[in-house]
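Undergrad: A predicted structure for the sequence below; I have some questions about it.
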Amino acid sequence: MENKRILIANRGEIALRIIRSAKELGLHTIAVYSDIDRESLHVKKADEAIHLGSSLPAESYRNIKRLVEASIDANAELVHPGYGFLAENADFAKAIQRKKMTWIGPSPKTIKSMGDKIESRKLVSRAGIEPIPGQLKPARSRRDAMRDAREQGFPVALKAAHGGGGKGLRIVSNPDELLEYYDVVKRESEAYFGSDEIYVEKFIKNAKHVETQILSDQHGNHIFLGERDCSTQRRNQKLIEESPAFWLSQAGRDRLEEKTIKIAKECNYMNAGTIEFLADQDENFYFLEMNTRLQVEHTVTEMRYGLDIVKEQIKVALGYSLSGKSWEPRGHSIEFRINAEDASKNFIPVPGTITEYKEPIGNDVRVDGWARAGTHISHFYDNLIAKLIVWGNDRKEAIEKGQRCLDEFIIQGVPTTINVLSEIVGSEVFKEGKVHVNYIEQNINDFLIENIIEEPDSNRKLTVVIEEGDLPSQTLPPKAPKKIGLDLSISDTSGTIVAEMQGTIVDVLTKEGKKVKKGESLFVIEAMKMENIVSSPFEGIIKELNITKGSPVSKGEVLIVIEKK
């Protein structure tokens, strides 16, 4: 293994994390980067780096042809895809293997079968495991989707057939929402996963999200590495993950292990993978999906089991056997995702430049990050700044350590999730395990009682107190423009809609001179891997329309002016 050359086909914190483990194994590390990432930490820490192209993901980190060329030019012997981008792309895996390089992940066949949400549902059904109730074929039209939704009963989930990570997913509560989001989900699916196939799945209310970690080799050995609770979410994406899922009975945990091993054997799995389930209050587990890659929250399993999953991935890919290996769990571990987001505005991602950055330290504290003072959080990519992971002898100790570390974590220049995470983990509902996948969004005001605004050029902190029951957007001055990401049911008086961040107009749903109703969809904007449908704050007439489909917009730019009727 010594001196073998490994290319990491990713960026940011995960690229840096893989580089560290690869170096400890004696591997020669090769980073890749786009224009905007030229000075990124993963580029500086790798032994060498190759430029891919422009900052657009399609021309850099999602460009299969360019990544294969870079791998060949670098004489890479192994390629690790990380997570996101092309990590679950069977064509990329196949292209790497075709050039006689080692792909660090499962086979292209497994990626394709388990990455396709419809096919994977069929596979686990054959193994005698119940998936979430839903269709086993794509909805090729709005009519198909409406029929399938009525058959399941609202609310339902519109999901990308090849999706994951909360992308290409919308929960719809009625026929109007289904019609509104159908094209959005298809677009996101195409943009993120290269396929616009979507399907309808039953939405389970107040569900817990629990997932299991598997490690499998080329010799048929499968090791179960426990479960993680990932129920603390917003926008169908995780905020906090922990291991173990303390609310689970031992009988439930045993059933999860049995289901996990059965699925791994059924799909001939190899390498690290995660199987996700939704659980109802009676501990009935429904298969959700399998992620055929390293998971963002693999760190909590590493902390609890005392192993390096990335190192094991590399060894397994090189043919090493897991026979005779075992890792015993100990204590409790929690991960907090530190994102550049404004929690008071529906967790809208906010690009910008970090002006001060200081990580917490201490026993059994780990930070997987990639930022520092001066780092720019770009609207081109995901807004994850760092992951804070803590370990304690029990859950209580882990929670206390997590709160202390969140209090010590300093990031200025962009809004982050640090304060809201501290409020969540310190709440009784979290401590008692009452949080389900929709709890945070349904009760967000409970965690926004006191927001701390940190000013980049000053040590002064301004405390804004929000009265119980108030919405964050109600604190805006009466004449403030309507901003993307706020609660769109709150009206303003100006009728001016401005961009709150850099982005791209994905679709325009209105025209100049048109009469619009309150709540009517006006346009769709995409920024930082998230689409927003922006609606009219009141009934009126479109007086100015300054956008077209595909046009880029800058922060503060006036997009639409509506004259109130």
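TA: Yes, it's here. Residues are numbered from 1 along each chain as shown.

Undergrad: tell me the strands beside the longest strand along the chain, with direction?
TA: Among the segments of the chain that qualify as a strand by DSSP state E, the longest is strand 222-234. Here strand 222-234 is paired, per DSSP bridges, with strand 208-216 (antiparallel), strand 237-243 (antiparallel).

Undergrad: okay, and residue 157 sits in which element?
TA: strand 156-164 (DSSP states H and E).

Undergrad: now that strand: how far from the chain's centre is it?
TA: Centroid separation for strand 156-164 versus its chain: 14 Å, with CA atoms, centre = their mean, to the nearest Å.

Undergrad: who does that strand touch, helix- and strand-wise?
TA: Strand 156-164 is packed against helix 117-126, helix 142-152, strand 167-172, helix 175-193, strand 198-202, with contacts defined by 3 or more CB pairs under 8 Å, 6 or more residues apart in numbering; DSSP states H and E. No exception for glycine: its C-beta is placed from N, CA and C like everyone else's.

Undergrad: buried sites along it?
TA: 156, 157, 158, 159, 160, 161, 162, 163, 164 (16 or more other CB atoms under 10 Å).

Undergrad: how does this protein divide into domains?
TA: By the record's domain assignment, the chain is partitioned as 5-104, 133-202, 206-330, 338-475, 477-564 (automatic domain parsing).

Undergrad: any chance of CSV for the ones you listed, columns mean pLDDT and distance to residue 113?
TA: Putting the domains of the chain into CSV (pLDDT from 0 to 100; distance: least, CB to CB, whole Å) gives the following:
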stretch, mean pLDDT, distance to residue 113
domain 5-104, 97, 9
domain 133-202, 86, 11
domain 206-330, 96, 6
domain 338-475, 84, 26
domain 477-564, 76, 25
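
Undergrad: of those, which is nearest residue 115?
TA: Closest approach to residue 115 among the domains of the chain (CB to CB): domain 5-104, 4.8 Å.

Undergrad: which residues does residue 255 contact?
TA: 283, 285 (CB atoms under 8 Å, 6 or more residues apart in numbering).

Undergrad: now the helix or strand where it lies - C-alpha only, PDB.
TA: In this structure, residue 255 sits in helix 250-266 according to DSSP H and E. The C-alpha atoms that make up helix 250-266 are tabulated as PDB, following Å, rounded to 0.1, in the frame of the first residue of the first chain:
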ATOM      1  CA  GLN A 250     -32.500  -4.100  22.300                       C
ATOM      2  CA  ALA A 251     -35.000  -6.200  20.400                       C
ATOM      3  CA  GLY A 252     -35.400  -3.300  17.900                       C
ATOM      4  CA  ARG A 253     -31.600  -3.000  17.600                       C
ATOM      5  CA  ASP A 254     -31.300  -6.700  16.900                       C
ATOM      6  CA  ARG A 255     -34.000  -6.500  14.200                       C
ATOM      7  CA  LEU A 256     -32.100  -3.600  12.600                       C
ATOM      8  CA  GLU A 257     -28.900  -5.600  12.500                       C
ATOM      9  CA  GLU A 258     -30.700  -8.600  11.000                       C
ATOM     10  CA  LYS A 259     -32.300  -6.400   8.300                       C
ATOM     11  CA  THR A 260     -29.000  -4.700   7.500                       C
ATOM     12  CA  ILE A 261     -27.000  -7.900   7.000                       C
ATOM     13  CA  LYS A 262     -29.800  -9.400   4.900                       C
ATOM     14  CA  ILE A 263     -29.800  -6.400   2.600                       C
ATOM     15  CA  ALA A 264     -26.000  -6.300   2.300                       C
ATOM     16  CA  LYS A 265     -26.000 -10.000   1.300                       C
ATOM     17  CA  GLU A 266     -28.900  -9.600  -1.100                       C
END
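
Undergrad: and that helix, what's buried?
TA: In helix 250-266, counting by 16+ other CB under 10 Å, buried: 252, 253, 255, 256, 257, 259, 260, 261, 263, 264, 266.

Undergrad: out of those, which one sits closest to residue 75?
TA: Out of the buried residues of helix 250-266, the member with the shortest distance to residue 75 (by CB to CB) is residue 264, at 33.4 Å.

Undergrad: tell me the spacing between that closest one and residue 213.
TA: As for residue 264, its distance to residue 213 is 11 Å (criterion: CB to CB, to the nearest Å).

Undergrad: cool, residue 91 as well?
TA: Applying CB to CB, the value for residue 91 to residue 213 is 26 Å.

Undergrad: partner strands of the strand or helix carrying residue 275, with direction?
TA: Counting by DSSP H and E, the element that carries residue 275 is strand 271-279. If you go by DSSP bridges, strand 271-279 pairs up with strand 208-216 (antiparallel), strand 285-291 (antiparallel).

Undergrad: with residue 329 as the reference, name the closest of these.
TA: Short answer: strand 208-216, nearest of the strands paired with strand 271-279 by CB to CB, at 10.8 Å.

Undergrad: in stretch 10-27, what counts as buried?
TA: Within stretch 10-27, the residues that count as buried by 16+ other CB under 10 Å are 10-19, 21-22, 25, 27.

Undergrad: now distance to residue 393 too, for these, in a markdown table please.
TA: Shown next, in a markdown table, are the buried residues of stretch 10-27 (distance: CB to CB, whole Å):
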| residue | distance to residue 393 |
| --- | --- |
| 10 | 34 |
| 11 | 36 |
| 12 | 32 |
| 13 | 27 |
| 14 | 29 |
| 15 | 33 |
| 16 | 29 |
| 17 | 25 |
| 18 | 30 |
| 19 | 31 |
| 21 | 26 |
| 22 | 31 |
| 25 | 30 |
| 27 | 34 |
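
Undergrad: can you flag which of the residues you listed belong to helices?
TA: In helices, defined here by DSSP state H, the members of the buried residues of stretch 10-27 are 12, 13, 14, 15, 16, 17, 18, 19, 21, 22.

Undergrad: state the distance from the fifth one to residue 333.
TA: Yep, that's residue 16 we're talking about. Residue 16 is 20 Å from residue 333, by CB to CB.

Undergrad: go on, the second one?
TA: With the distance defined as CB to CB, residue 13 ends up 17 Å from residue 333.

Undergrad: now swap in the last one and tell me
TA: Taking CB to CB as the criterion, residue 22 is separated from residue 333 by 23 Å.

Undergrad: how distant is the helix or strand where residue 541 lies from the center of its chain?
TA: Assigned by DSSP H and E, residue 541 belongs to strand 540-545. Centroid displacement of strand 540-545 relative to its chain, using CA atoms, centre = their mean, is 35 Å.

Undergrad: all numbers from here: first residue = 187
TA: In the new numbering, first residue 187, that becomes strand 726-731.

Undergrad: ranges for the helices of the stretch 187-336 of the chain?
TA: Secondary structure of the stretch 187-336 of the chain (DSSP state H, counting those that start in this stretch): helices at 198-210, 227-231, 250-259, 276-284, 294-301, 303-312, 328-338.

Undergrad: chain center to the third one, what's the gap?
TA: Spelled out, that is helix 250-259. 26 Å.

Undergrad: got it, and the longest one?
TA: Between the mean C-alpha point of helix 198-210 and the mean C-alpha point of its chain there is a distance of 19 Å (CA atoms, centre = their mean).

Undergrad: and that helix, what does it pack against?
TA: strand 191-194, strand 214-220, helix 227-231, helix 495-503, strand 551-555, strand 570-578.

Undergrad: tell me the angle the second one makes with helix 250-259.
TA: Meaning strand 214-220. 150 degrees (axes from the mean of the first three to the mean of the last three CA atoms, to 10 degrees).

Undergrad: keeping just the C-alphas, turn strand 214-220 into CSV.
TA: Taking Å, rounded to 0.1, in the frame of the first residue of the first chain, the C-alpha atoms of strand 214-220 are listed here in CSV:
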residue,chain,number,x,y,z
HIS,A,214,0.5,9.8,-2.1
THR,A,215,-2.5,12.1,-2.1
ILE,A,216,-3.8,14.0,-5.1
ALA,A,217,-6.5,16.7,-4.8
VAL,A,218,-8.6,18.3,-7.5
TYR,A,219,-10.1,21.8,-7.5
SER,A,220,-12.2,24.3,-9.3
